[in-house]
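K.L.:
Pasting a predicted model and its sequence here:
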Amino acid sequence: MSRDDVLAILRHVLTTAGGALVTNGVLSASQLQDGVGAVVVLAGIAWSLFNKMQHRRALAAAQAAQ
């Protein structure tokens, strides 16, 4: 399964969970939008940090092999 597939499934799970929370009155629609926005921002930061760490490890391994 590719990364895009996983992200698409995650997006649908979050949408369904958010809809259930709004339907049951746990969250308002605006709270859900704020929460989704925060999750997207934090996920983007985490993904960027993860990719940079992978790149640095690969670079260090390549330099050590020389």
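P.N.:
Sure thing, it's come through. Keep in mind that this is a model prediction, so the values were computed, not measured.

K.L.:
Could you grab the helix/strand/coil label for residue 52?
P.N.:
helix (DSSP: H, G, I helix; E, B strand; the rest coil).

K.L.:
quick one: it from residue 27, how far?
P.N.:
33 Å (Cβ to Cβ, to the nearest Å). (C-beta placed from N, C-alpha, C; glycine too.)

K.L.:
neighbour-wise, which of these two wins?
P.N.:
residue 27 (17 against 10; other Cβ atoms under 10 Å).

K.L.:
next one: phi and psi at the more buried one?
P.N.:
Main-chain dihedrals, residue 27, degrees, to the nearest 10: phi -130, psi 150.

K.L.:
if I look at it, how far off is residue 57?
P.N.:
39 Å.

K.L.:
Please report phi then psi for the residue nearest to the spatial centre of the chain.
P.N.:
Closest residue to the average C-alpha location of the chain: residue 43 at 3.6 Å, with Cα atoms, centre = their mean. Taking degrees, to the nearest 10, you get phi -60, psi -40 for the backbone angles of residue 43.

K.L.:
per-residue pLDDT, it?
P.N.:
With respect to pLDDT, residue 43 scores 85.

K.L.:
same check, this time on residue 64
P.N.:
89.

K.L.:
Now it: which helix or strand?
P.N.:
If you go by DSSP states H and E, residue 64 is part of helix 29-65.
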